[in-house]
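J.: What would the 3D arrangement of this be:
(one chain, ligands or ions: 1)
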Amino acid sequence: MHKPIYLTALLWLCISLNCFAKDGYKLWLDYQPIQVPQLKSDVGSLLSGIYFFGENPTYEAIRNELNLASQSMLEKAPVYSKDRLQNTKLWIGTREQLSQVLSLTKQAEIKALGEDGFWRGKVELDGNSFYAIIGNRPVGTLYGTYNWLNSIQSNTFDKSTELADAPKINIRMLNHWDNLDRTVERGYAGFSIWDWHRLPGYIDPRYVDYARANASLGINAVSLTNVNANALIMTTDFMKKAKALADVFRPYGIKVFLTARFSAPMQLEGLKTADPLDPEVIAFWKKKADELYTHIPDFGGFLVKANSEGQPGPHEYGRNHAEGANMLADALAPHGGVLIWRAFVYSHEDEVDRHMQANNEFEPLDGKFKDNVIIQIKNGAIDFQPREPFHPLYGAINETNVGMEFQITQEYLGQATNLVYLAPMWEEVLKTKTYKPSPVSTVGSILEGKETGQKMTLIAGVSNIGTDHNWTGHLFAQSNWFAFGKMAWNPEVTSHEIAEEWTKLTFGLDREVVSKVGEILMESHEAAVDYMTPLGLHHIMGRSHHYGPGPWVMGGRADWTAPYYHQADSLGIGFDRTGEGSGALEQYAPEIVKKWSDPNQIPEKYLLWFHHLPWDFQLKDGNTLWEGIAYHYDRGVKEVREMQATWASLESKIDPEEFDHVKQLLEIQEEEAEWWRNACLLYFQTFSKLPFPDDIEQPEGDLEYYKSLQFPNAPGI
Ligand code: GCW
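T.: Numbers count the residues shown, from 1 in each chain. As a prediction, this is how the structure comes out:
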């Protein structure tokens, strides 16, 4: 075939098959062609002479990334040199490998960045200058490379300035709630990406892309399995499967953790007990830990949910959480492993406000946990609600390592149909002052170890990743994975900065796109809070699947019903957690107790979380509580419509497939926001008996109809 005709035919075939369309698979590692001429020439020159100081699997990973990036950004392969001085421009290596070209001060500066830090900038040798990416160990170099590629994509790379960065948190971890049958608890993006059945023999190329994406954010740990754990995870067969994944992740600096089921000694070896003080139980876990380290020498450790929501734990044997955790920690300690024990514990046999139960359990145990134990605490005391005040355990235990658990998957935030950027919510929590242990403490400063000198620090996030081709179900949910990684690396970064970065890497540099997508992202969380749970309302979603509104949900254990949380009656609404109510507020520092006990001083966003107030209580803007609730729900719907209009205005600038995907989901989100507003307002009106303000869109539909809706096949259960 004549060449031009052949090429034209190929082009048409491609257009008709939509090969140019984007579907989100490449995440923020899309490496668009560089448009700015100066940048293109600078980057082109560096990539035309790359020299690696040494050989190791992490440098191989860097090489692969540079190949991909160069091909995509410049349409040509990079050039590697075997000789350091033979036409090289870009040097990649560790501080020690490059010590010859670094002044003593510079070496000390880089050393101080710690094991994951990196420096990039100009170095000179014999009058020639080179651009160098340097870490204290190869993985730091990998982080530096991703940082450099990111700066190219966002057009901020300047070859004459130097840059150093290091994470503020040691363990930056994804928690997968993935079951062995590939279902994902609270997963809304398909099935688990871990194909346990075909592992260890079959290595899905997706595992490498997963590792690349995580490493590009600095995520360095992953717990592969659900915290509602299966004892089979501790079998040799399973360990071999986990080993195969650990081998893939190792060059990317990612350590594997597994969830340990407390009753495994009974289930796997028929022991009569799982009592953490029983010698046979102790021997079982020691044997399991030893075996795991023969398969995975750098195994991270165990993540444990015990004595919560029916999971087995030390309480069954009259032992406490410290006794349970320390026994497992001792098994891991000889290998340098970490035991992460969750503070998400509450019991239906306990009449005490669920909000208080974790503090009641853990405060008396402060200082009793081994050094290699970290207590992983959710951001709030109930459960990943659309907005929660920070968990009162932050600042209350100071002689125990503590770590954060955020939820990236949107269990309570519209799942995979709603566009909700979660970083503003995380930022709000991280920046909140706890006033304990010191007057300037914040949740973030506690996590960074600044308050207690805690050496081992952790931020974990429950993953939103699945087999959907775009990984996260909703294209915009990628921004939450991205933002999680960025905040785990640096809890002081703002959600706004991250939004801008993600947008540029995902949709390119067009100013209008960057600013409008930024607007959508930044207003999306407040919108969701408005149409779901404004003014501190919480846990009023559908039973069990948590999809859609369910303020009427009754039956079964009290703390799984909605009225337990909203307490609406003819007099008013809200959960009284002040000293006159459940007393949960008193678990916070006196400064907070004082301010938040007063319904006129507490930030209104937490009002009904801590107060039961009359329907005619006056809000700051002069509206009554009833009117305020109605206005918030109404505003939520309008905010979604604004997001839709903003998105629609970008049609000509966004890839058609991605545009349409988001457009369709925003339409669903609008319907769901209306559903939330109608159902909640009609339901609460049965208590308030008051009319809706005239100037809101009047809730339509019939409460009985909303109550009758069932979703037996909702995902994620
Ligand atoms: O958020 C709730 C979920 C459960 C989850 C539990 C937990 C893994 O509804 O599905 O179980 O919290 O965090 O342990």
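
J.: Do me a favour and get the backbone dihedrals for Y51.
T.: Taking degrees, to the nearest 10, you get phi -130, psi 130 for the backbone angles of Y51.

J.: I figured it was touching S81, is that so?
T.: Yes - counting by C-beta atoms under 8 Å, S81 is a contact partner of Y51 at 5.0 Å. Every residue, glycine included, has its C-beta placed from N, CA and C.

J.: and for the two, which residues touch both?
T.: T88 (C-beta atoms under 8 Å, 6 or more residues apart in numbering).

J.: Using CSV, write out every CA atom in stretch 509-518.
T.: The C-alpha trace of stretch 509-518 is given here as CSV (Å, rounded to 0.1, in the frame of the first residue of the first chain):
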residue,chain,number,x,y,z
LEU,A,509,-2.3,23.4,31.3
ASP,A,510,-5.2,25.4,29.7
ARG,A,511,-5.9,28.2,32.2
GLU,A,512,-9.6,28.1,31.9
VAL,A,513,-9.6,24.3,32.5
VAL,A,514,-7.3,24.6,35.5
SER,A,515,-9.3,27.3,37.1
LYS,A,516,-12.8,25.8,36.4
VAL,A,517,-11.9,22.3,37.4
GLY,A,518,-10.3,23.8,40.5
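
J.: Distance of F130 relative to L90?
T.: F130 sits 7 Å away from L90, taking C-beta to C-beta, to the nearest Å as the criterion.

J.: and the stretch 351-500 of the chain, which residues reach the ligand?
T.: Contact residues (C-beta under 6 Å from any ligand atom) of the stretch 351-500 of the chain with the ligand: 383-384, 411.

J.: So which of those residues are in strands?
T.: Assigned to strands by DSSP state E, none of those qualify.

J.: Only the buried members of these: can you turn that into a PyMOL selection?
T.: Selection of buried members from those for PyMOL, criterion 16 or more other C-beta atoms under 10 Å:
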select buried, resi 383+384+411
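
J.: can you give me the helices in the stretch 451-600 of the chain?
T.: Using DSSP state H, counting those that start in this stretch, the helices found in the stretch 451-600 of the chain span residues 478-489, 495-507, 511-532, 563-566, 590-596.

J.: For E670, list the residues it contacts.
T.: Contacts of E670 (C-beta under 8 Å, 6+ apart): 637, 640-641, 644.

J.: Can you point out the buried residues in the lengthiest helix in the chain?
T.: Using DSSP state H to define each element, the chain has its longest helix at helix 656-688. Of the residues in helix 656-688, 657-659, 661-662, 665-666, 669-670, 672-685, 687-688 count as buried by neighbour count, 16+ other C-beta under 10 Å.

J.: and what of stretch 351-371?
T.: For stretch 351-371, a neighbour-count test (16+ other C-beta under 10 Å) marks 353-359, 361-362, 365-366, 368-370 as buried.

J.: Turn these into TSV, including pLDDT.
T.: As requested, these are exported to TSV (pLDDT from 0 to 100):
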residue	pLDDT
D353	95
R354	95
H355	97
M356	97
Q357	96
A358	97
N359	98
E361	97
F362	98
L365	98
D366	98
K368	98
F369	98
K370	98
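
J.: And Y51 and S81? Which one has more around it.
T.: Counted by other C-beta atoms under 10 Å, Y51 and S81 do not tie: Y51 has more neighbours, with 20 against 17.

J.: The more buried one and Q698, how far apart?
T.: Taking C-beta to C-beta as the measure, Y51 falls 69 Å from Q698.

J.: for the closest residue to L571 other than its chain neighbours, what are its contacts?
T.: Spatially, and ignoring its direct neighbours in sequence, L571 is nearest to P614 (5.9 Å; C-beta to C-beta, 6 or more residues apart in numbering). Contacts for P614 (C-beta under 8 Å, 6+ apart) come out as 571-572, 625.

J.: ok and the residue in the stretch 451-600 of the chain nearest the ligand?
T.: Nearest residue of the stretch 451-600 of the chain to the ligand, counting by C-beta to the nearest ligand atom: H546, 6.5 Å away.

J.: sorry, that was for the stretch 351-500 of the chain
T.: D383 (4.6 Å).

J.: C-alpha coordinates for stretch 532-541, PDB please?
T.: C-alpha atoms of stretch 532-541 as PDB (Å, rounded to 0.1, in the frame of the first residue of the first chain):
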ATOM      1  CA  MET A 532     -26.400  14.900  52.700                       C
ATOM      2  CA  THR A 533     -25.700  15.900  56.300                       C
ATOM      3  CA  PRO A 534     -25.600  19.700  56.900                       C
ATOM      4  CA  LEU A 535     -25.000  21.400  60.300                       C
ATOM      5  CA  GLY A 536     -23.500  18.400  61.900                       C
ATOM      6  CA  LEU A 537     -26.100  15.800  61.100                       C
ATOM      7  CA  HIS A 538     -24.500  12.300  60.600                       C
ATOM      8  CA  HIS A 539     -25.100   8.700  59.800                       C
ATOM      9  CA  ILE A 540     -28.500   9.100  58.200                       C
ATOM     10  CA  MET A 541     -27.700   7.000  55.100                       C
END
